[in-house]
Each structure stands twice: as C-alpha cells, then as structure tokens.
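S.K.: When you get a sec, could you give me coordinates for this:
(2 chains)
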Amino acid sequence: AQKITQTQPGMFVQEKEAVTLDCTYDTSDQSYGLFWYKQPSSGEMIFLIYQGSYDEQNATEGRYSLNFQKARKSANLVISASQLGDSAMYFCAMREGRRGGSYIPTFGRGTSLIVHP
Amino acid sequence: NAGVTQTPKFRVLKTGQSMTLLCAQDMNHEYMYWYRQDPGMGLRLIHYSVGEGTTAKGEVPDGYNVSRLKKQNFLLGLESAAPSQTSVYFCASWRGGNQPQHFGDGTRLSIL
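M.R.: All right, here's what the predicted structure looks like:
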C-alpha cells in the first residue's frame, strides 16, 4: 500500500486564485513529519513547507499553508493567490518515527499544477 | 554554498555500457539517497546510505550498485546499462528529523 497518496495527477487554476493540492498518508507512528516540495520545469526540487505531527497549528510559509487534518491523515497544500510561476510538479513526502528512527522519507507520485493567466 | 552536487548533468549511453554517477554534499549529512524519476511515477528510491561505509537497497535497486566510501560522496553505478534505465536521477542528502532533504539538480540519462 502506498504510504503517500496524491490523487490529483493534474490541476488547473486561474492566476490570483487559491488552489488546494491533496495529500493523504498512512502511518502507524505517533511522531512523523510531512513535507511539500515543488519541482518546476527546470527540474530542481524546492522545499516549500513542513508539518510535524505534534505541531498544534497548521504550518504556513508566505503564500503556502498546510491544511493538516490528523484524524483524516491528510496534509493538503494550499497555495493562495496563484502566480504563473507556481506552475510545477508538487510532491508530498513523509518521514516516520522519531529522530533517527526512520531513514527513508516516502514520496507521493506528485501533482502537476498549471496556472492559467 | 554548493549543497548537493551531481555529475554529470547529462549523459547518453549505449546498451551494455557502464558508468558512474557522482553525488557530493558539503553539509555533513549522514543520510544520502539515489532516486530515479520517471513520468507519472514520482521519485522512486534506488539505494540509500545512513552513514559512511553503509548502503541499503531501496524500492528499485536492480541493475544498480552504490558505494559510500567517504561521508560526503555517494556513487551510483550502472554496470551494464539497459534502455529501461533511461531516466532522470536525483541524489539527495538529509540531516534527519524535521529538516527537508537537499536535492541535487539531477542527471538526465538516456540509454540507446
């Protein structure tokens, strides 16, 4: 079974609108963390935002926020006021276990976001 | 401020040829990884290392070998390249915990 599921292979959004990219995860650990990365067409992987399982508030970084619903095991990325430069692949990833307990962050298959002018 | 450096950036091989991809990191990270990225498949883990002198198999290890003789370097080898190994290869290093992985810029490998 996949540990990270991104159900939207492709998404389209109008410039300046908000968009939500879905991510659900599967773990039996109490301590874990969730990451989102952006991969533009140039290919590099860019870290966007992190949410720890014990963090009481949803993470935010500028126009990026994470809608973390622990009971539903979802960690959706919200991009507010979309820009043309947001067009990219977006990957959700999870690390399980306490410090040093798990060495393999697990990635979803990604969502391709296209922002229309 | 190099971070993670992969060489080469592009390579074309013929079936049966061998080559080594080099990954170097200057952040003193213990953990290093090799992934391949294919359309619609996301990042799939080939091999990883939790420290100097250690390596372990990931999700898709067949046809690849790795070595981590020095902490800062993680080498990925293809002994006899096959067209199915045409892909983009990413190396990453990680401090662990709540820190993100740091990725190289990728190596685009084509095998004819």
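S.K.: Excluding residues flanking it in the chain, which one is nearest B:Gly104?
M.R.: Take B:Gly104 and drop its neighbours on the chain: the residue closest to it by Cβ to Cβ, 6 or more residues apart in numbering or on different chains is B:Gln6, 3.6 Å away. (Each C-beta comes from the backbone N, C-alpha and C, glycine too.)
S.K.: which SSE is that neighbour in?
M.R.: Taking DSSP states H and E as the criterion, the element that holds B:Gln6 is strand B:4-7.
S.K.: Need the contact partners of that strand.
M.R.: Contacts of strand B:4-7 from elsewhere in the structure, counted by Cβ atoms under 8 Å, 6 or more residues apart in numbering or on different chains, are B:21-25, B:27, B:89-93, B:102-107.
S.K.: circling back to that earlier point, what bridges to the residue nearest to B:Gly104?
M.R.: Judged by DSSP bridges, the bridge partners of B:Gln6 are B:Cys23.
S.K.: tell me the pLDDT at it?
M.R.: On the pLDDT scale, B:Gln6 is placed at 97.
S.K.: Next: B:Ala2.
M.R.: 72.
S.K.: Am I right that it sits in a strand?
M.R.: No. With the criterion set as DSSP: H, G, I helix; E, B strand; the rest coil, the secondary structure at B:Ala2 is coil rather than a strand.
S.K.: Was I right to think it contacts B:Asp26?
M.R.: Yes. Using Cβ atoms under 8 Å, B:Ala2 and B:Asp26 qualify as a contacting pair, with a distance of 5.3 Å.
S.K.: between the two, which one's more packed in?
M.R.: The residue with more neighbours, out of B:Ala2 and B:Asp26, is B:Asp26; 13 against 9, by other Cβ atoms under 10 Å in any protein chain shown.
S.K.: Relative to the centre of chain B, pull out the residue lying furthest away.
M.R.: In chain B, counting by Cα atoms, centre = their mean, B:Asn98 sits farthest out from the average C-alpha position, at 22.0 Å.
S.K.: Done for today, thanks.
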